[in-house]
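*Asks:* Quick one, what's the 3D model for this:
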Amino acid sequence: MSIDISLTTMPHRWCCSVLVVMLGSAILSCVSCANDFNPTLPLIRKTSERKPKVCGSMDIRNDPKNLAEKLTNCQVIEGPLKILLIDKGKPEDYRNLSFPDLVEITDFLLLYRVYGLKSLRDLFPNLAIIRGQNLFNDYALIVYEMPDMTELGLKSLTGILKGAVRLEKNPKLCFIETIDWHKLTQSVVMEDNYFKGNKDVKECVNWCPENCPRTLGFEQMVRRCWTISDCQKMLTCPENIPCSSGMCDGNHCCHSNCIGGCTGMLVTQCKVCRDVIQVDGKGNTVCAPRCSAGTYKYKNRRCLLDKECTEFSDYRLSIPLKLVVNNDISMPGECVDECPAGYKVSIKDNKTCELCVGKCPRVCDGKDVKSIHDAETLKGCTIVSGPLVIRITGGKHVTQVLEDNLSQLEEVTDFVQIHQSYPLLNLHFLPKLTMIRGRTLHKKRLALEVYDNSNLKELFLEEVAKNLTIENGAVSFQFNRKLCYEKIMDFVKKVGIKDRIETNDIPQENNGDQTQCNISELKFDVFRITPHIALCKWDTFRMADTRQLMGYTIHYKEAPVKNVTIFEGRDACTDEYWKTTFTPPLNSNASEVHQYIAGLDPWTQYAAYVQTNTISRAVSGAISKIIYFRTAANVPTSPINLKVRAINPGQLFVTWDPPEHPNGNVTHYKVYWQLIDFVPEEYELRDYCMQPLSTSQSYLEQKEEQEEANKNNVTLNGQCCKCPKSEKQIRTEERDHSIEIDFQDFLQNELYVKRRNDQSLDRPATTLKSRTNRTRRDKVLDNPHEVNKYTYQEEPASNDPTVALTTSTPSPPNDAGGPTTQKGVATTPEPDLKENPFFKAFVYEIRELTIPNLGHFQDYNIEVIACQERDPRDHNREMYCSNRALGVGRTLPDPTADTINASTIMVTSVQNNTGAVRITWMDPEMPNGLILTYEIEYMKTNINNVKPIVICVTYKHYREVGKYGHELNKLDPGNYTFRLRATSLAGNGSWTEPQYFVILEITACREGTYGPGCNSVCSVNCVNGTCDSIDGNCTDGCVPGYTGRACNDVCPNGFYGDGCLQKCGQCRGACEAKNGTCPNGCLPCYHGSKCLYPYGHARRRFQRYRDSVKEERRMMSDTKLADYGISPYDHLYQDFCTVYHLLHYFPSYILPHLASDTLDDN
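*Replies:* Numbers count the residues shown, from 1 in each chain. This is a model prediction of the structure:
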């Protein structure tokens, strides 16, 4: 029977028939229902089991379980995906995690210090696009300090639409060079991608399948792949598929509105939409070049209805979304979190951005623009309430970014300072600036300072200069080496402030501050401090006319040394100038004024003083003496410039620089190291005989660095001096160092953000409480991973530079003791069978460590942590330690470690193969890393000028096929010499001493003889009497009745014939070995020469004979038998044994007619 079933799954609807057949089985036959076919974009497909969804920004940390909790069913992440700081992860924690729904990330993907994660292949198998709408310090894909990651594995990724890639400090990461990054990141040049500190490409397998596409590498065509089994997806079209879009996914020609691939040629079958995704009039989800009228574009990727925007529920938002209605009703609007320039929030419903009548100011706070990210925060601002300071020292497309984000700016309420912005050529990025009010002036008198912009050639646009009003304050131009003096004075003239300019303002002289006269002293004090805030107090200043007191100004600056004067540093030639904070006068009779200074750096000494601000005709004022205070300590940043070098065998020399921001008194460092085990299975994937291992790139670089260091130290008169570095070396080192610091700072600021306290900073000092809630950034780190397998023992600082070495191993249960610590001595831990132990050292006063007692040519994880002393002002305060600086080092190889022990070499002959020998040997006991190949070099010794033959054997072949050896065959007779050599990760080992073997020459004997001198005769049991001329074995087999190689063995009892394969009959005793006959007769009831037949066989033979003779003969036979009372017919069913005996009474009659073989087996 047939049962029709309709199965509805996205994106197809299937019609199925179940055919029930015999034996209870069924056949399910499904075809596409043509009438109901409704292909739906996989981007929003839904099933009853799971519902893929759009998710917001993701920050996943601390525990691998959080991945499943947050990412399950996410198909698009509108924002960044950050997976970081999972210290307790193990490979098995990720084994069953997979998020196949995820196809798109709109911002960036960041992975940072996720332990145990080896690949993203199974985690994100279908991630196709990273848009890079918002970047992480100009990067869209960041994999940083991932200690266990061996491959990226993003096999479906086809495009990073904006931003570069940064892969750094991933000691096991391979398959970087096999990816065509130019194809993935077409919005940037290849130099923008940053790859450093990953696994040496020379030691990576980096083998791509044969069917992977090829693109041009540095000098040749290179196969492109993500893993050893996954090719890089190129989305190119085969020649036999015409495709107008030029993009194909397999055999599917994708629609031009698609990116990232497709499942068919329809606009509903895109994996990711190139522009926007919306629902058409038929309810289908489609990719479109723009949103249709009546919808609102959100995040530049999808179209929403008005209620979908204002009642947004896909994920949690910090502020509600608003509608921007387009004046042209035939065009779509926008769904935004903040109204764009020219719009303001409607007071009617607070859900709509309405066009302003006239000016529609958007007020933003004052900003110190130091990066592209800072500039983006001012996008659309028309008024900056506060100062605008621009200092961008480097970067690409800086002018374009400033134009995109500051083009709407019209007014700055305080001052504008543009300094040390080396990329700037002009100030055209402020095309609408009309007002600098100067309510608060820089250095008390400047509304505009343009200082030390070495490439600046032009000022503002002509229209800006004509219309610009500087309401209060003067201008200063200093050290703009490419900006003509005439242009500056022309600008001053157009603005109309020439009368405010003093001699020192343009071009070079410093400005000095005026000193008030007749001032009294204020008692000024700092009574409470935090890492970033200082709480101050001073006596209230009493005046006869309180209306003349405008307020108080606190002046403060960093002061490493207590030798500051009030007038020090007040010039335009240096960054050292006093910062200020203003306090209005109190309206009460309080005897003291309290105020705080915010934005301070931790553990920094400051100088500060306070003075009154009075009206110009006031005859009295007050000023305090300069006081000094130091802010509280905070968590230091990680040590920088961590370098690990192998100088002596069995040792690693580790050096580092102090944290860029120590945020306290760093007194010692904790250094951890751990052996990194090699994984042989990974290396067996590559045939190192076909693709030999070249010398490790990191080892070569380290060797060159050492040679360069030795070369740069020359001896003059017995004294060593170091040759100066070239300008190019200095610039390169400074650039790399600057990039590293900028990225580290950005990482620190973005990922280790303090938890905000609910208390506001502007509350009175008496309400401020010390904050004890801290996130990871504030947490005291006692060990690199914050897990119990590390122990910690605090060591007192020493007056001498010294190192205390300890081991850190898991303590047994109820073990109250810790690791024994002795200064200058390293103790050896007990073997830990469960996991690789960490070792630990405490280092005081110096920033280097020689780690002893290490293996040869082994990799080690190195982690360095900076720790402060406890604040002497508060002994109860925690001791802060930094996060880890990570490094990897490899020890020097042992020149003798890869030598094969000659005593283990054995040579044996191969049976049945006169020209072959088998050579076996044992592995070196402790090789340099891993053995990759063995080489066998052999040659004949009795031939002059012979070139030896070298055979390469992979370690896998040596172990599995060769059974710990190798077979040499097809060898000619003669004397041979051979030697063996192992090749490890460190390169070729030493050859063994020559070994010898002999292949005997075989001389042909005459037929029938064999052996030395051909004096032995072949066995008579050999067929044709021939045998092997060496061992006498029968070459053509044995005659019937004999077996064995030399045919000397008679067939075993019960068998006979050729090869003794035939079984004897029912004989009394043994049968004849040659033909199987029974010389002693048969057992009862059997007959024949071989006793193979029971008696019934004779009667059947007699019946067959009777039917074949003539009728008269047959009748005579019957008559003769009847005379004796015997009838064959009467005895058909009687006992056959009785019939057989009766027949034998008449041999004179029966035998002549039954022939001689009647009763045998023929």
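*Asks:* quick one: contacts for Glu935?
*Replies:* Counting by CB atoms under 8 Å, 6 or more residues apart in numbering, Glu935 makes contact with Val950, Ile951, Cys952, Val953, Leu980, Arg981, Ala982, Thr983, Asn988. The way it works is simple: take the backbone N, C-alpha and C, and place the C-beta from them, glycine included.
*Asks:* and which of those is nearest Cys174?
*Replies:* Using CB to CB, Thr983 is the member of the contacts of Glu935 that lies nearest Cys174, at 19.8 Å.
*Asks:* burial measure for the closest one, as a count.
*Replies:* Using other CB atoms under 10 Å, Thr983 is surrounded by 22 other residues.
*Asks:* cool, Pro837 as well?
*Replies:* Neighbour tally, Pro837, other CB under 10 Å: 18.
*Asks:* looking at it, it is touching Gln674, isn't it?
*Replies:* Yes. Taking contacts as CB atoms under 8 Å, Pro837 lies within contact range of Gln674: 7.2 Å.
*Asks:* pLDDT of the host helix or strand of Tyr628, averaged?
*Replies:* For Tyr628, the host element (DSSP states H and E) is strand 627-630. The average pLDDT within strand 627-630 is 94.
*Asks:* Okay, buried residues for that strand please.
*Replies:* By neighbour count on 16 or more other CB atoms under 10 Å, the buried set for strand 627-630 is Ile627, Phe629, Arg630.
*Asks:* which secondary structure elements does it contact?
*Replies:* Applying 3 or more CB pairs under 8 Å, 6 or more residues apart in numbering; DSSP states H and E, one finds that strand 627-630 makes contact with strand 524-529, strand 605-614.
*Asks:* let's see 6 Å
*Replies:* If you count contacts as 3 or more CB pairs under 6 Å, 6 or more residues apart in numbering; DSSP states H and E, strand 627-630 packs onto strand 605-614.
*Asks:* Go ahead and measure how far the helix or strand just after the strand it packs on is from the middle of the chain.
*Replies:* The helix or strand immediately downstream of strand 605-614 is strand 621-624, counting by DSSP H and E. On the basis of CA atoms, centre = their mean, to the nearest Å, strand 621-624 sits 61 Å off its chain's mean C-alpha point.
*Asks:* helices or strands up against the helix or strand following the strand holding Tyr628?
*Replies:* Counting by DSSP H and E, the next helix or strand C-terminal to strand 627-630 is strand 640-645. Counting contacts by 3+ CB pairs under 6 Å, 6+ apart, strand 640-645 is packed against strand 652-657, strand 885-890.
*Asks:* Ranking these by mean neighbour count, which comes first?
*Replies:* strand 885-890 (a mean of 24; mean count of other CB atoms under 10 Å).
*Asks:* circling back to that earlier point, save the helices and strands packed on strand 640-645 as a markdown table, and put in mean pLDDT and distance to Val401 too.
*Replies:* Shown next, in a markdown table, are the helices and strands packed on strand 640-645 (pLDDT from 0 to 100; distance: least, CB to CB, whole Å):
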| stretch | mean pLDDT | distance to Val401 |
| --- | --- | --- |
| strand 652-657 | 95 | 32 |
| strand 885-890 | 91 | 32 |
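*Asks:* before we move on, the earlier item: turn the buried residues of strand 627-630 into a markdown table, including distance to Pro213.
*Replies:* Output for the buried residues of strand 627-630, formatted as a markdown table (distance: CB to CB, whole Å):
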| residue | distance to Pro213 |
| --- | --- |
| Ile627 | 70 |
| Phe629 | 65 |
| Arg630 | 61 |
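*Asks:* one step back: out of the helices and strands packed on strand 640-645, which gets nearest to Thr285?
*Replies:* Of these, nearest to Thr285 by CB to CB is strand 885-890, at 44.7 Å.
*Asks:* C-terminal to that closest one, what's the next element?
*Replies:* Going down the chain from strand 885-890, the next helix or strand is strand 906-910, by DSSP H and E.
*Asks:* burial count for Phe348?
*Replies:* Phe isn't right for residue 348; it's Lys. Using other CB under 10 Å, Lys348 has 8 other residues around it.
*Asks:* Can you give the contact residues for stretch 969-988?
*Replies:* 695, 857, 893, 898, 900, 915-916, 924, 927-938, 940-942, 989, 991-992, 994-1001 (CB atoms under 6 Å, 6 or more residues apart in numbering).
*Asks:* average pLDDT for that stretch?
*Replies:* Per-residue pLDDT values across stretch 969-988 average out to 91.
*Asks:* Of all the residues in it, which ones are buried?
*Replies:* Of the residues in stretch 969-988, those buried (16+ other CB under 10 Å) are Leu971, Tyr976, Phe978, Arg979, Leu980, Arg981, Ala982, Thr983, Ser984, Leu985, Ala986, Gly987.
*Asks:* Tell me how far the third one lies from Trp603.
*Replies:* When CB to CB, to the nearest Å is applied, the distance between Phe978 and Trp603 equals 69 Å.
*Asks:* mind listing what's buried in stretch 846-856?
*Replies:* Neighbour counts over stretch 846-856 (16+ other CB under 10 Å) mark Arg847, Leu849, Ile851, Leu854, His856 as buried.
*Asks:* ok, so of the residues you listed, who is nearest Ala375?
*Replies:* Among the buried residues of stretch 846-856, and counting by CB to CB, the member closest to Ala375 is Arg847, at 36.8 Å.
*Asks:* what's the straight distance from one end of stretch 442-462 to the other?
*Replies:* One end of stretch 442-462 to the other measures 25 Å (CA to CA, to the nearest Å).
*Asks:* which residues are contacting that stretch?
*Replies:* Stretch 442-462 has contacts (CB under 6 Å, 6+ apart) with 415-422, 424-428, 431, 436, 438, 441, 470, 473-483, 491, 572.
*Asks:* what would the buried residues of stretch 846-856 look like in CSV with pLDDT?
*Replies:* Output for the buried residues of stretch 846-856, formatted as CSV (pLDDT from 0 to 100):
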residue, pLDDT
Arg847, 93
Leu849, 94
Ile851, 94
Leu854, 92
His856, 91
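*Asks:* I'd like the list of those that fall within strands, please.
*Replies:* Assignment to strands by DSSP state E places the following of these there: Leu849, Ile851.
*Asks:* would you turn the buried residues of stretch 846-856 into a markdown table with distance to Glu660?
*Replies:* Converted to a markdown table, the buried residues of stretch 846-856 look like this (distance: CB to CB, whole Å):
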| residue | distance to Glu660 |
| --- | --- |
| Arg847 | 14 |
| Leu849 | 20 |
| Ile851 | 25 |
| Leu854 | 30 |
| His856 | 35 |
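*Asks:* one step back: and the contacts of Glu935, which two are the farthest apart?
*Replies:* Farthest apart among those by CB to CB are Ile951 and Asn988. That separation is 14.7 Å.
*Asks:* List only those of the contacts of stretch 969-988 flagged as buried.
*Replies:* 857, 893, 898, 900, 916, 924, 927-938, 940, 989, 992, 995, 997, 999.
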